[in-house]
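Novice: missing the sequence, but the structure's below:
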(Lines give C-alpha, C1' and ligand atoms only; values in the text may rest on other atoms or scores of the structure.)
Protein backbone atom coordinates (compact mmCIF):
# COMPACT_ATOMS: atom_id res chain seq x y z
CA UNK A 1 0.00 0.00 0.00
CA UNK A 2 2.74 2.41 1.06
CA UNK A 3 0.12 5.05 1.66
CA UNK A 4 0.67 8.06 3.86
CA UNK A 5 -0.63 7.37 7.35
CA UNK A 6 -3.67 9.43 8.31
CA UNK A 7 -3.44 11.24 11.67
CA UNK A 8 -6.13 12.60 13.96
CA UNK A 9 -4.87 16.11 13.28
CA UNK A 10 -5.39 15.61 9.52
CA UNK A 11 -9.18 15.43 9.75
CA UNK A 12 -11.89 17.90 10.67
CA UNK A 13 -15.64 17.64 10.82
CA UNK A 14 -16.72 17.73 7.18
CA UNK A 15 -13.53 16.11 5.89
CA UNK A 16 -14.07 13.60 3.12
CA UNK A 17 -13.21 9.91 3.50
CA UNK A 18 -11.14 9.09 0.40
CA UNK A 19 -13.73 7.60 -2.01
CA UNK A 20 -13.33 4.02 -3.21
CA UNK A 21 -14.78 2.71 -6.50
CA UNK A 22 -16.23 -0.78 -6.74
CA UNK A 23 -17.68 -2.77 -9.63
CA UNK A 24 -20.07 -5.54 -8.66
CA UNK A 25 -19.98 -8.33 -11.23
CA UNK A 26 -21.59 -11.73 -11.31
CA UNK A 27 -18.04 -13.05 -10.87
CA UNK A 28 -17.52 -10.98 -7.73
CA UNK A 29 -20.79 -12.34 -6.33
CA UNK A 30 -19.59 -15.90 -6.93
CA UNK A 31 -16.28 -15.13 -5.23
CA UNK A 32 -18.09 -13.47 -2.35
CA UNK A 33 -20.40 -16.48 -1.94
CA UNK A 34 -17.35 -18.72 -1.65
CA UNK A 35 -15.39 -16.30 0.52
CA UNK A 36 -18.24 -15.54 2.91
CA UNK A 37 -20.13 -18.81 2.88
CA UNK A 38 -23.40 -17.19 1.80
CA UNK A 39 -24.96 -19.56 -0.71
CA UNK A 40 -28.41 -17.98 -0.82
CA UNK A 41 -29.68 -18.51 -4.41
CA UNK A 42 -31.08 -14.98 -4.26
CA UNK A 43 -27.62 -13.97 -5.46
CA UNK A 44 -27.18 -16.33 -8.42
CA UNK A 45 -30.45 -18.00 -9.47
CA UNK A 46 -32.64 -15.95 -11.86
CA UNK A 47 -35.90 -17.76 -11.20
CA UNK A 48 -35.40 -17.81 -7.43
CA UNK A 49 -34.59 -14.09 -7.38
CA UNK A 50 -37.72 -13.42 -9.47
CA UNK A 51 -39.84 -15.48 -7.07
CA UNK A 52 -38.45 -13.42 -4.17
CA UNK A 53 -39.65 -10.29 -5.98
CA UNK A 54 -36.25 -8.72 -6.50
CA UNK A 55 -36.26 -9.18 -10.29
CA UNK A 56 -32.89 -10.79 -10.86
CA UNK A 57 -29.99 -11.81 -8.60
CA UNK A 58 -28.94 -8.94 -6.34
CA UNK A 59 -25.63 -7.90 -4.79
CA UNK A 60 -25.25 -9.36 -1.29
CA UNK A 61 -25.81 -6.73 1.39
CA UNK A 62 -22.85 -8.13 3.28
CA UNK A 63 -20.65 -7.64 0.22
CA UNK A 64 -21.52 -3.93 0.24
CA UNK A 65 -20.76 -3.91 3.95
CA UNK A 66 -17.36 -5.43 3.18
CA UNK A 67 -16.76 -2.68 0.59
CA UNK A 68 -17.44 -0.12 3.34
CA UNK A 69 -14.96 -1.93 5.58
CA UNK A 70 -12.41 -1.63 2.76
CA UNK A 71 -13.24 2.08 2.40
CA UNK A 72 -12.48 2.67 6.06
CA UNK A 73 -9.37 0.49 6.44
CA UNK A 74 -7.81 2.10 3.34
CA UNK A 75 -8.54 5.55 4.71
CA UNK A 76 -7.31 5.02 8.28
CA UNK A 77 -4.17 3.10 7.25
CA UNK A 78 -2.38 0.41 9.19
CA UNK A 79 -2.01 2.51 12.32
CA UNK A 80 -5.71 3.32 12.45
CA UNK A 81 -8.24 1.05 14.16
CA UNK A 82 -11.82 0.47 13.11
CA UNK A 83 -14.00 0.28 16.22
CA UNK A 84 -17.52 0.31 14.81
CA UNK A 85 -19.06 -0.30 11.42
CA UNK A 86 -22.78 -0.16 10.76
CA UNK A 87 -24.84 -0.12 7.60
CA UNK A 88 -28.35 -0.71 6.33
CA UNK A 89 -29.20 -2.30 3.03
CA UNK A 90 -31.84 0.12 1.79
CA UNK A 91 -31.98 -0.60 -1.93
CA UNK A 92 -31.11 -3.41 -4.29
CA UNK A 93 -28.03 -3.32 -6.48
CA UNK A 94 -27.59 -5.52 -9.55
CA UNK A 95 -24.19 -6.82 -10.71
CA UNK A 96 -22.69 -6.37 -14.15
CA UNK A 97 -22.55 -9.56 -16.19
CA UNK A 98 -19.23 -10.93 -17.38
CA UNK A 99 -18.15 -10.48 -21.01
CA UNK A 100 -15.01 -12.63 -20.86
CA UNK A 101 -13.47 -14.79 -18.16
CA UNK A 102 -11.96 -11.72 -16.55
CA UNK A 103 -13.74 -8.65 -17.98
CA UNK A 104 -17.25 -7.46 -17.15
CA UNK A 105 -19.54 -5.75 -19.61
CA UNK A 106 -19.74 -1.98 -19.56
CA UNK A 107 -22.09 -0.80 -16.84
CA UNK A 108 -22.47 0.61 -13.40
CA UNK A 109 -19.70 1.57 -11.00
CA UNK A 110 -20.45 2.07 -7.33
CA UNK A 111 -18.69 4.54 -5.06
CA UNK A 112 -18.04 4.05 -1.39
CA UNK A 113 -17.86 7.45 0.28
CA UNK A 114 -17.91 9.09 3.66
CA UNK A 115 -17.63 12.31 5.63
CA UNK A 116 -16.32 13.03 9.10
CA UNK A 117 -19.13 13.92 11.49
CA UNK A 118 -17.23 14.21 14.75
CA UNK A 119 -13.88 13.93 16.50
CA UNK A 120 -12.92 13.74 20.16
CA UNK A 121 -10.28 12.50 22.55
CA UNK A 122 -11.61 10.01 25.07
CA UNK A 123 -9.54 7.96 27.54
CA UNK A 124 -6.44 8.90 25.54
CA UNK A 125 -7.93 7.61 22.29
CA UNK A 126 -8.26 9.90 19.27
CA UNK A 127 -11.71 9.02 17.99
CA UNK A 128 -13.22 10.02 14.66
CA UNK A 129 -16.83 9.37 13.64
CA UNK A 130 -17.99 9.19 10.04
CA UNK A 131 -21.09 8.82 7.97
CA UNK A 132 -20.40 6.34 5.18
CA UNK A 133 -22.38 4.95 2.29
CA UNK A 134 -22.38 3.05 -0.99
CA UNK A 135 -23.68 5.19 -3.82
CA UNK A 136 -25.10 3.81 -7.07
CA UNK A 137 -24.67 5.31 -10.52
CA UNK A 138 -27.74 7.51 -9.98
CA UNK A 139 -26.17 9.00 -6.85
CA UNK A 140 -28.57 7.15 -4.53
CA UNK A 141 -27.23 5.90 -1.22
CA UNK A 142 -28.25 2.27 -1.40
CA UNK A 143 -26.23 1.36 1.70
CA UNK A 144 -25.96 4.15 4.25
CA UNK A 145 -24.05 3.59 7.46
CA UNK A 146 -21.58 4.90 9.97
CA UNK A 147 -18.15 4.12 11.33
CA UNK A 148 -16.06 4.95 14.38
CA UNK A 149 -12.28 4.80 14.16
CA UNK A 150 -9.27 5.53 16.34
CA UNK A 151 -6.45 7.34 14.60
CA UNK A 152 -2.86 7.87 15.71
CA UNK A 153 -2.04 11.37 16.88
CA UNK A 154 0.97 13.46 15.84
CA UNK A 155 1.30 14.53 19.46
CA UNK A 156 3.65 12.34 21.44
CA UNK A 157 2.22 10.21 24.18
CA UNK A 158 -1.12 10.18 22.35
CA UNK B 1 -51.90 -12.97 3.02
CA UNK B 2 -51.17 -12.55 6.72
CA UNK B 3 -53.79 -11.89 9.35
CA UNK B 4 -53.04 -10.71 12.86
CA UNK B 5 -49.67 -10.02 14.40
CA UNK B 6 -46.58 -11.39 12.71
CA UNK B 7 -44.94 -11.61 16.10
CA UNK B 8 -46.69 -14.85 16.93
CA UNK B 9 -46.50 -16.63 20.27
CA UNK B 10 -44.14 -19.10 18.69
CA UNK B 11 -41.79 -16.35 17.51
CA UNK B 12 -42.02 -14.62 20.91
CA UNK B 13 -41.19 -17.85 22.71
CA UNK B 14 -37.86 -17.99 20.87
CA UNK B 15 -36.74 -14.45 21.77
CA UNK B 16 -33.74 -14.57 24.08
CA UNK B 17 -32.64 -18.03 22.98
CA UNK B 18 -28.91 -18.55 22.53
CA UNK B 19 -27.41 -20.94 19.99
CA UNK B 20 -24.93 -23.59 21.06
CA UNK B 21 -21.38 -22.21 20.71
CA UNK B 22 -19.73 -22.65 17.32
CA UNK B 23 -15.97 -22.91 16.90
CA UNK B 24 -14.32 -20.93 14.13
CA UNK B 25 -10.71 -21.53 13.12
CA UNK B 26 -9.35 -18.34 11.55
CA UNK B 27 -7.29 -19.46 8.57
CA UNK B 28 -4.91 -17.29 6.53
CA UNK B 29 -6.08 -18.78 3.22
CA UNK B 30 -9.71 -18.05 4.01
CA UNK B 31 -8.79 -14.46 4.90
CA UNK B 32 -7.01 -13.99 1.57
CA UNK B 33 -9.92 -15.46 -0.41
CA UNK B 34 -12.31 -13.13 1.37
CA UNK B 35 -10.12 -10.10 0.62
CA UNK B 36 -9.76 -11.24 -3.01
CA UNK B 37 -13.53 -11.47 -3.31
CA UNK B 38 -13.94 -7.78 -2.55
CA UNK B 39 -10.88 -6.66 -4.55
CA UNK B 40 -9.00 -5.53 -1.45
CA UNK B 41 -5.25 -5.86 -2.09
CA UNK B 42 -4.24 -4.88 1.48
CA UNK B 43 -1.01 -6.79 2.30
CA UNK B 44 -2.16 -7.32 5.90
CA UNK B 45 -4.54 -9.95 4.50
CA UNK B 46 -2.08 -11.82 2.28
CA UNK B 47 1.60 -10.99 2.82
CA UNK B 48 2.92 -12.84 5.87
CA UNK B 49 6.21 -10.94 6.00
CA UNK B 50 4.49 -7.59 5.76
CA UNK B 51 1.92 -8.59 8.37
CA UNK B 52 4.56 -9.87 10.81
CA UNK B 53 6.36 -6.53 10.65
CA UNK B 54 3.09 -4.66 11.24
CA UNK B 55 1.66 -3.90 14.66
CA UNK B 56 -0.59 -6.94 14.26
CA UNK B 57 2.33 -9.36 14.02
CA UNK B 58 0.36 -11.77 11.84
CA UNK B 59 -2.07 -11.94 8.91
CA UNK B 60 -5.17 -10.20 10.22
CA UNK B 61 -8.87 -10.23 9.29
CA UNK B 62 -10.72 -7.65 7.24
CA UNK B 63 -13.52 -6.09 9.32
CA UNK B 64 -16.45 -8.45 9.44
CA UNK B 65 -14.55 -11.42 8.05
CA UNK B 66 -15.79 -13.58 10.88
CA UNK B 67 -19.20 -11.97 11.00
CA UNK B 68 -22.46 -12.52 9.21
CA UNK B 69 -22.86 -14.54 7.14
CA UNK B 70 -19.53 -16.36 7.16
CA UNK B 71 -20.11 -17.84 10.58
CA UNK B 72 -23.33 -16.75 12.13
CA UNK B 73 -22.68 -18.46 15.41
CA UNK B 74 -24.62 -21.49 14.31
CA UNK B 75 -27.44 -19.17 13.40
CA UNK B 76 -27.71 -19.48 9.67
CA UNK B 77 -27.29 -23.21 9.43
CA UNK B 78 -27.92 -24.06 13.03
CA UNK B 79 -30.96 -25.06 14.95
CA UNK B 80 -31.76 -21.64 16.36
CA UNK B 81 -31.96 -19.92 12.97
CA UNK B 82 -33.94 -22.85 11.59
CA UNK B 83 -36.38 -22.63 14.49
CA UNK B 84 -36.78 -18.86 14.18
CA UNK B 85 -37.33 -18.88 10.43
CA UNK B 86 -39.59 -21.93 10.72
CA UNK B 87 -41.78 -19.99 13.14
CA UNK B 88 -41.71 -16.94 10.85
CA UNK B 89 -42.70 -18.90 7.73
CA UNK B 90 -45.62 -20.45 9.60
CA UNK B 91 -47.22 -17.01 9.77
CA UNK B 92 -47.31 -16.85 5.96
CA UNK B 93 -44.16 -14.83 5.31
CA UNK B 94 -42.00 -16.06 2.45
CA UNK B 95 -39.14 -13.70 1.85
CA UNK B 96 -36.11 -13.01 4.05
CA UNK B 97 -33.71 -10.18 3.22
CA UNK B 98 -30.62 -8.99 5.07
CA UNK B 99 -31.48 -5.56 6.43
CA UNK B 100 -28.15 -4.45 7.82
CA UNK B 101 -25.55 -4.93 10.50
CA UNK B 102 -23.86 -3.14 13.38
CA UNK B 103 -20.37 -4.30 14.27
CA UNK B 104 -18.34 -3.51 17.36
CA UNK B 105 -14.71 -4.51 17.10
CA UNK B 106 -12.83 -4.81 20.39
CA UNK B 107 -9.61 -6.68 19.61
CA UNK B 108 -7.74 -7.69 16.46
CA UNK B 109 -8.37 -11.18 15.08
CA UNK B 110 -5.40 -12.89 13.46
CA UNK B 111 -4.78 -15.97 11.36
CA UNK B 112 -4.33 -18.88 13.74
CA UNK B 113 -6.87 -17.61 16.26
CA UNK B 114 -9.71 -19.83 17.38
CA UNK B 115 -12.97 -18.04 17.99
CA UNK B 116 -16.04 -19.19 19.85
CA UNK B 117 -19.26 -17.69 18.54
CA UNK B 118 -22.57 -17.42 20.35
CA UNK B 119 -25.68 -16.40 18.45
CA UNK B 120 -28.72 -14.94 20.16
CA UNK B 121 -32.20 -14.18 18.88
CA UNK B 122 -32.71 -10.73 20.38
CA UNK B 123 -35.95 -9.29 19.10
CA UNK B 124 -38.84 -9.41 16.63
CA UNK B 125 -40.85 -6.36 15.66
CA UNK B 126 -43.61 -5.77 13.15
CA UNK B 127 -43.59 -2.74 10.88
CA UNK B 128 -45.81 -1.51 8.11
CA UNK B 129 -43.94 -1.33 4.81
CA UNK B 130 -44.84 -0.17 1.31
CA UNK B 131 -46.03 -3.64 0.36
CA UNK B 132 -47.68 -4.60 3.62
CA UNK B 133 -46.57 -5.85 6.97
CA UNK B 134 -42.97 -6.81 7.54
CA UNK B 135 -41.23 -8.55 10.39
CA UNK B 136 -37.84 -7.28 11.55
CA UNK B 137 -35.72 -9.85 13.36
CA UNK B 138 -32.64 -8.87 15.37
CA UNK B 139 -29.90 -11.42 15.87
CA UNK B 140 -26.69 -10.91 17.77
CA UNK B 141 -23.40 -12.77 17.56
CA UNK B 142 -20.68 -12.52 20.19
CA UNK B 143 -17.15 -13.61 19.34
CA UNK B 144 -14.56 -14.66 21.92
CA UNK B 145 -10.98 -15.64 21.16
CA UNK B 146 -8.88 -18.49 22.56
CA UNK B 147 -7.96 -16.33 25.57
CA UNK B 148 -11.60 -15.85 26.45
CA UNK B 149 -11.50 -12.19 25.44
CA UNK B 150 -14.44 -10.72 23.56
CA UNK B 151 -13.16 -9.65 20.14
CA UNK B 152 -16.35 -8.48 18.44
CA UNK B 153 -20.11 -8.26 18.45
CA UNK B 154 -22.39 -8.20 15.45
CA UNK B 155 -26.04 -7.27 15.44
CA UNK B 156 -27.97 -8.21 12.30
CA UNK B 157 -31.41 -7.26 11.12
CA UNK B 158 -33.38 -9.65 8.93
CA UNK B 159 -36.43 -8.33 7.15
CA UNK B 160 -39.16 -10.89 6.51
CA UNK B 161 -42.10 -10.16 4.23
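Specialist: Looks like it came in fine. These numbers were taken from a predicted model, which means no experiment stands behind them. Residues are numbered from 1 along each chain as shown, chains lettered A, B, ... in the order given.
Novice: show me what from chain B comes close to chain A.
Specialist: Within chain B, the positions lying close to chain A (CB under 8 Å from any CB of the partner chain) are B:30, B:33-34, B:36-44, B:54-55, B:62-64, B:68-71, B:94-95, B:97-105, B:157. For glycine as for every other residue, the C-beta is placed from the backbone atoms N, C-alpha and C.
Novice: of these, which belong to strands?
Specialist: B:97, B:98, B:99, B:100, B:101, B:102, B:103, B:104, B:105, B:157 (DSSP state E).
Novice: can you name the two of those residues that are farthest apart?
Specialist: With CB to CB as the measure, no two of these lie farther apart than B:97 and B:105, at 24.8 Å.
Novice: the two - which one has more neighbours?
Specialist: In terms of neighbours (other CB atoms under 10 Å in any protein chain shown), residue B:105 is the more surrounded of residue B:97 and residue B:105; the figures are 22 against 19.
Novice: walk me through which strands the strand ranked longest in chain A pairs with, and which way each runs.
Specialist: Taking DSSP E as the criterion, chain A has its longest strand at strand A:110-122. Strands that pair with strand A:110-122, judged by DSSP bridges, come out as strand A:16-22 (antiparallel), strand A:125-135 (antiparallel).
Novice: go through those strands and pick out the most buried.
Specialist: strand A:125-135 (a mean of 21; mean count of other CB atoms under 10 Å in any protein chain shown).
Novice: could you measure from the nearest residue to residue A:132 once chain neighbours are set aside over to residue A:16?
Specialist: Closest residue in space to residue A:132, ignoring its immediate chain neighbours: residue A:114 at 3.8 Å, by CB to CB, 6 or more residues apart in numbering or on different chains. Relative to residue A:16, residue A:114 is positioned 7 Å away (criterion: CB to CB, to the nearest Å).
Novice: about what we covered before: so for the longest strand of chain A, what gets flagged as buried?
Specialist: A:110, A:111, A:112, A:113, A:114, A:116, A:117, A:119 (16 or more other CB atoms under 10 Å in any protein chain shown).
Novice: which one among the residues you listed gets closest to chain B?
Specialist: Closest approach to chain B among the buried residues of strand A:110-122 (CB to the nearest CB): residue A:112, at 10.6 Å.
Novice: mind listing what that closest one touches?
Specialist: A:19, A:20, A:21, A:22, A:67, A:68, A:70, A:71, A:132, A:133, A:134, A:135 (CB atoms under 8 Å, 6 or more residues apart in numbering or on different chains).
Novice: name the SS class of the nearest residue to residue A:137 once chain neighbours are set aside, please.
Specialist: Spatial nearest neighbour of residue A:137, chain neighbours left out: residue A:108 (4.4 Å); criterion: CB to CB, 6+ apart. Secondary structure assignment for residue A:108 (DSSP: H, G, I helix; E, B strand; the rest coil): coil.
Novice: contacts only, for residue B:136.
Specialist: By CB under 8 Å, 6+ apart, the neighbours of residue B:136 are B:99, B:123, B:124, B:125, B:126, B:127, B:157, B:158, B:159, B:160.
Novice: what do you get if the cut-off is 10 Å, keeping everything else the same?
Specialist: Contacts for residue B:136 (CB atoms under 10 Å, 6 or more residues apart in numbering or on different chains) come out as B:6-7, B:99, B:123-127, B:129, B:157-161.
Novice: helices of the chain, residue ranges please.
Specialist: By default, I'm working from chain A. Using DSSP state H, the helices found in chain A span residues A:26-36, A:46-51, A:61-76.
Novice: not what I meant, chain B
Specialist: So, for chain B - with DSSP H - the helices run B:9-14, B:28-37, B:48-53, B:79-90.
Novice: centre of the chain to the second one, how far?
Specialist: Right, helix B:28-37. Centroid separation for helix B:28-37 versus its chain: 18 Å, with CA atoms, centre = their mean, to the nearest Å.
Novice: other SSEs contacting that helix?
Specialist: Helix B:28-37 makes packing contacts with helix A:26-36, helix A:61-76, helix B:48-53 when contacts are defined by 3 or more CB pairs under 10 Å, 6 or more residues apart in numbering or on different chains; DSSP states H and E.
Novice: most packed of those helices?
Specialist: For the helices and strands packed on helix B:28-37, the highest mean count by mean count of other CB under 10 Å goes to helix A:61-76, at a mean of 25.
Novice: just give me how far it sits from the chain centre.
Specialist: 3 Å.
Novice: what bridges to residue A:81?
Specialist: residue A:150.
Novice: and the pLDDT at it?
Specialist: pLDDT recorded at residue A:81 is 98.
Novice: what about it, how many neighbours?
Specialist: Neighbourhood size, residue A:81 [other CB under 10 Å]: 18.
Novice: from residue A:20, how far out is it?
Specialist: 19 Å.
Novice: correct me if wrong: residue B:61 contacts residue B:103.
Specialist: No - with contact defined as CB atoms under 10 Å, residue B:61 does not reach residue B:103; the gap is 11.7 Å.
Novice: what residues do the two have in common as contacts?
Specialist: Common neighbours of residue B:61 and residue B:103, using CB under 10 Å, 6+ apart, are A:69, B:67, B:152.
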